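Chemist: starting from these lines, generate the structure:
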Amino acid sequence: MPRSSARRLLLPTGVLQVPWPHLVWLGLLVYTDAQLWFTRAGLYYQAPENAAEFWRNALLADGVDCALFYLNYLVLQPKLFRARRWLAFLGATVAALLVFAVARVGASVLWQEGVQQGPMSLNLEAHVQLLLAYHLPLGGLILLLSNGLRLADDYLRERESRRELEQQHLRTELSLLKTQLHPHFLFNTLNNIYSLTLQASPQAPEAVLRLAELMRYQLYDSPEDLVPLAREISHLRGFLALQLLRLPPDEADDVLPFTILLPPGAEYARRLPPMLLLPLVENAFKHGDLAARPHVARLHLQVEPEGRLLFQVQNQVAVGGGPGLEAAGGVGLANLHRRLELLYPGQHSLTTAATPEAFCARLEVQL
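Modeler: Take a look at the predicted model:
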């Protein structure tokens, strides 16, 4: 849909299908191991000269880190935290942290990591205390990172779901507006044909034929989101020709001037929602004065090179017809207002000016 809520800041399409939290975690592990190897530093990865031994220890340590990360990411966070079982989540987190620290301390003692600190040797008790002072904060950081990535991923997915629901709601509402618009158009047109039949006008059969052509457009083209401007202009001309059948043939060509100003190729390059302009023309005939001269109504359609569309309809008001606004219960202009709000939020302007003698509607849309 044009100018929809997709304009808001959202992740590019497809990003949420990429397991980005897992890539972040994997990247952090690879970066840490590589840094320790190249710097030959660190309490746990005092890199041995044997590369195979270093990477064996690093991968085993990464496995323990991943166990804590994914225990929280896949089990504790979704099953306890999201269920708001705060005490159970806190207790399980503390237990997981202690098990992690014990596992990492045991592995470090087994691999004799950090035992040699320069010329000084540490006994087992001091070694364990030193390891605990490092591994407990490390485990806490892993849990914080796991929680943060899980919450961020859940939030982005929920926001994407809300966006899809909003779009589905807009599509449903627009579809309902179209289903209301078709009977509204048909009702007004059949009233015009009825008036011709009451007068036994020989133009009544032609009016029925033109109505069939208009209904064909609405049946096959209006379900599309956008149609070329040329189709919409052709539809408007067909509607005007149907209305002119109500006038004497010698006057039909002069009382309804329709000015069209388009840049070269704009009638096919520019697209707009079908039947967007018709309600303004319908309103002019519903409340206009067919006996007004020299013009029943004046139509002006212009598209500027940058894509701004201007459509203006001015008509004389029938005696006792009011200022040209929709009668109570009418849906034409009300539907037009709503469609514009949904399709072109902040990208349109619909203004009206009314006097006892005339009514003017002016629509501006950035296509």
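
Chemist: measure how buried Q203 is and give me the count.
Modeler: 17 (other CB atoms under 10 Å). Heads up, the C-betas are built off the backbone N, CA and C, glycines and all.

Chemist: quick one: pLDDT of Y220?
Modeler: Predicted confidence (pLDDT) for Y220: 67.

Chemist: if you could redo that for Q366, that was the one I meant.
Modeler: 91.

Chemist: in the sheet, who's paired with it?
Modeler: In this structure, Q366 bridges to R308 when assessed by DSSP bridges.

Chemist: next up, the contacts around it.
Modeler: Residues touching Q366, when contacts are defined by CB atoms under 8 Å, 6 or more residues apart in numbering, comprise R3, G307, R308, L309, Y344, Q347, H348.

Chemist: ok, and the closest non-adjacent residue to H295?
Modeler: Nearest residue to H295, sequence neighbours excluded (CB to CB, 6 or more residues apart in numbering): V255, at 5.6 Å.

Chemist: can I take it that that neighbour is in a helix?
Modeler: No: assignment of V255 by DSSP: H, G, I helix; E, B strand; the rest coil gives coil, placing it outside any helix.

Chemist: so who does P228 touch?
Modeler: P228 touches E267, Y268, R270, R271, counting by CB under 8 Å, 6+ apart.

Chemist: going by distance to L245, which of the contacts of Q366 wins?
Modeler: Proximity to L245 was ranked across these by CB to CB; first place goes to L309, at 28.2 Å.

Chemist: contacts only, for that closest one.
Modeler: For L309, the contacting residues are L229, R270, L272, L301, Q302, V303, L363, E364, V365, Q366, L367, by CB under 8 Å, 6+ apart.

Chemist: please pick the buried ones from these.
Modeler: Neighbour counting over those (16 or more other CB atoms under 10 Å) leaves L229, R270, L272, L301, Q302, V303, L363, E364, V365, L367 as the buried ones.

Chemist: that older thread, which one of the contacts of P228 is nearest E125?
Modeler: Out of the contacts of P228, the one with the shortest distance to E125 is R271. That distance is 78.1 Å, counting by CB to CB.

Chemist: what's the local residue count around the closest one?
Modeler: Residues within reach of R271, counting by other CB under 10 Å, total 17.

Chemist: for it, give its distance to P264.
Modeler: Distance from R271 to P264, counting by CB to CB, to the nearest Å: 16 Å.

Chemist: one more: L367?
Modeler: Here the criterion is CB to CB. By it, L367 lies 16 Å from P264.

Chemist: need the phi and psi values for the closest residue to A297 other than its chain neighbours.
Modeler: In space, A297 comes closest to N315 once its chain neighbours are excluded; the distance is 3.8 Å by CB to CB, 6+ apart. In this entry, N315 is assigned phi and psi values of phi -140, psi 150 (degrees, to the nearest 10).

Chemist: A207 versus N315, what's the distance?
Modeler: When CB to CB is the yardstick, N315 and A207 sit 20 Å from each other.

Chemist: who has more neighbours out of the two?
Modeler: It is N315, of N315 and A207, that has more neighbours when counted by other CB under 10 Å, with 28 against 23.

Chemist: wait, the more buried one touches A284, no?
Modeler: Yes: under the criterion of CB atoms under 8 Å, N315 lies in contact with A284, with a separation of 3.9 Å.

Chemist: now, the buried ones among the contacts of L309 that are in helices?
Modeler: Applying DSSP state H to these, the entries found in helices are L229.

Chemist: could I get the buried ones among the contacts of L309 as TSV with distance to L149?
Modeler: As requested, those are arranged in TSV below (distance: CB to CB, whole Å):
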residue	distance to L149
L229	48
R270	45
L272	44
L301	54
Q302	53
V303	49
L363	48
E364	46
V365	43
L367	42
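
Chemist: please identify which of the buried ones among the contacts of L309 is nearest to L110.
Modeler: Checking the buried ones among the contacts of L309 one by one against L110 (CB to CB), the nearest turns out to be L367, at 70.8 Å.

Chemist: quick one: low-confidence parts of the stretch 201-350 of the chain?
Modeler: Counting by pLDDT under 70, the stretch 201-350 of the chain has low-confidence residues at 218-223, 248-253, 318-332.

Chemist: tell me which stretches of it form strands.
Modeler: With DSSP state E, counting those that start in this stretch, the ranges of strands along the stretch 201-350 of the chain come out as 227-228, 258-261, 271-272, 297-303, 308-316, 348-354.

Chemist: which one of those strands lies closest to L131?
Modeler: Going by CB to CB, the one of these nearest L131 is strand 348-354, 66.8 Å.

Chemist: what are the pairing partners of the closest one, and which direction each?
Modeler: Each strand that pairs with strand 348-354, with its direction, by DSSP bridges: strand 358-366 (antiparallel).

Chemist: can I get the CA coordinates of the partner strand in PDB?
Modeler: Coordinates of the C-alpha atoms in strand 358-366 are reproduced here as PDB (Å, rounded to 0.1, in the frame of the first residue of the first chain):
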ATOM      1  CA  ALA A 358     -21.400  27.000  -5.400                       C
ATOM      2  CA  PHE A 359     -19.300  24.200  -3.900                       C
ATOM      3  CA  CYS A 360     -15.600  23.500  -4.600                       C
ATOM      4  CA  ALA A 361     -13.600  20.500  -3.500                       C
ATOM      5  CA  ARG A 362      -9.800  20.400  -3.900                       C
ATOM      6  CA  LEU A 363      -7.700  17.300  -3.500                       C
ATOM      7  CA  GLU A 364      -3.800  17.200  -3.400                       C
ATOM      8  CA  VAL A 365      -2.000  13.900  -3.200                       C
ATOM      9  CA  GLN A 366       1.700  13.100  -3.400                       C
END
